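[1] Build the 3D model from these lines:
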Amino acid sequence: MNQVKRVDPLYEQIYQNLEESILEGKICSGERLIDTKIASKLGVSRSPVREAFRKLEQYGLLINNDGVVTVFTPSLQDAIDLYQVRVGLESVAVYWATQYITPGGLEQLKQYLYKTEQAIKQNNMEDIIELNTQFHESIVAYSANSRLKTIMNNIHSLSRICRDTIIKQYNRSDSFLSEHYEIYRAMNNKDPELAAKRMEQHINNDLNHFKESYLFKDKKKSLIIESGKK
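    Numbers count the residues shown, from 1 in each chain. Got it, this is the predicted structure:
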């Protein structure tokens with residue numbers, strides 16, 4: 001973790017610091033966090049650390065079990081629940097974004113798609129994941145709904161933990177890109193109903209892939225365990 005600077009409220013800086021460390025995997029799922037150790041490491045008192053803990057708990061990134069604070073460890077059902085929520089929220093987001101987005105915004109989405117094509121050709125998984133995130137987050141931003149944006153920021157953080165801990169990587173080959181293009185084309189044609197439909201199909205496809213990948217990993221693990229017993 002990085003040392004905090006006394007500019008914004010301390011608890012907010014610590015919250016952002018811890019959130020970034022969790023999402024980047026520097027603090028792992030299931031890891032226990034102790035306020036006194038965090039405070040000592042950051043050079044602050046326990047009070048702002050506890051406030052940051054409460055905010056992280058509120059957003060689901062930390063779990064407090066009778067005073068024992070640990071990083072959220074997702075299950076397959078957690079991932080399914082989050083994707084089901086995304087289906088509804090992102091369909092609404094793209095519906096409104098289609099009506100409010102500017103020509104410049106459409107060009108930005110088009111550039112994300114072009115850069116994603118290049119990243120796929122180069123097999124650059126880090127860029128593929130980042131560009132996928134930027135595409136979805138930009139659509140939420142263009143919906144011009146601040147409440148929706150706040151909710152989706154939290155959903156994306158939890159979804160990222162699920163992806164990184166259960167699947168470890170985004171691995172839908174390039175099939176997701178054609179779905180992104182379909183969403184973009186519907187937005188470019190100013191068809192909010194079709195854009196919402198395409199987004200719903202896209203996230204449901206993501207969800208189905210997520211489940212299939214998890215079940216495949218689980219089956220493979222079971223086979224390895226069984227073969228080890230022989």
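[2] Any regions of this structure where pLDDT drops low?
    Judged against pLDDT under 70, the low-scoring parts of the chain cover residues 1-7, 166-174, 214-230.
[3] switch to 80 and redo it
    1-8, 160, 162-174, 210-230 (pLDDT under 80).
[4] Per the annotation, how does it divide into domains?
    10-71, 76-224 (automatic domain parsing).
[5] Present these as a markdown table; the columns should include mean neighbour count.
    Where C-beta positions appear, they are placed from N, C-alpha and C, glycine not excepted. Rendered in a markdown table, the data for the domains of the chain read as follows (neighbours: other CB atoms under 10 Å):
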| stretch | mean neighbour count |
| --- | --- |
| domain 10-71 | 16 |
| domain 76-224 | 17 |
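[6] give me every residue that touches residue 203.
    In this structure, residue 203 makes contact with 83, 86-87, 90-91, judged by CB atoms under 8 Å, 6 or more residues apart in numbering.
[7] could these be laid out in a markdown table, adding secondary structure and distance to residue 41?
    A markdown table is the format used below for the contacts of residue 203 (DSSP: H, G, I helix; E, B strand; the rest coil; distance: CB to CB, whole Å):
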| residue | secondary structure | distance to residue 41 |
| --- | --- | --- |
| 83 | helix | 35 |
| 86 | helix | 34 |
| 87 | helix | 39 |
| 90 | helix | 37 |
| 91 | helix | 42 |
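[8] Which members of those are the farthest-apart pair?
    83 and 91 (12.4 Å; CB to CB).
[9] Taking the centroid of the chain, which residue is nearest it?
    Centre of the chain computed as the mean C-alpha position; nearest residue by CA atoms, centre = their mean is residue 156, 2.9 Å away.
[10] And that one, how far from residue 25?
    Residue 156 is 16 Å from residue 25, where distance means CB to CB, to the nearest Å.
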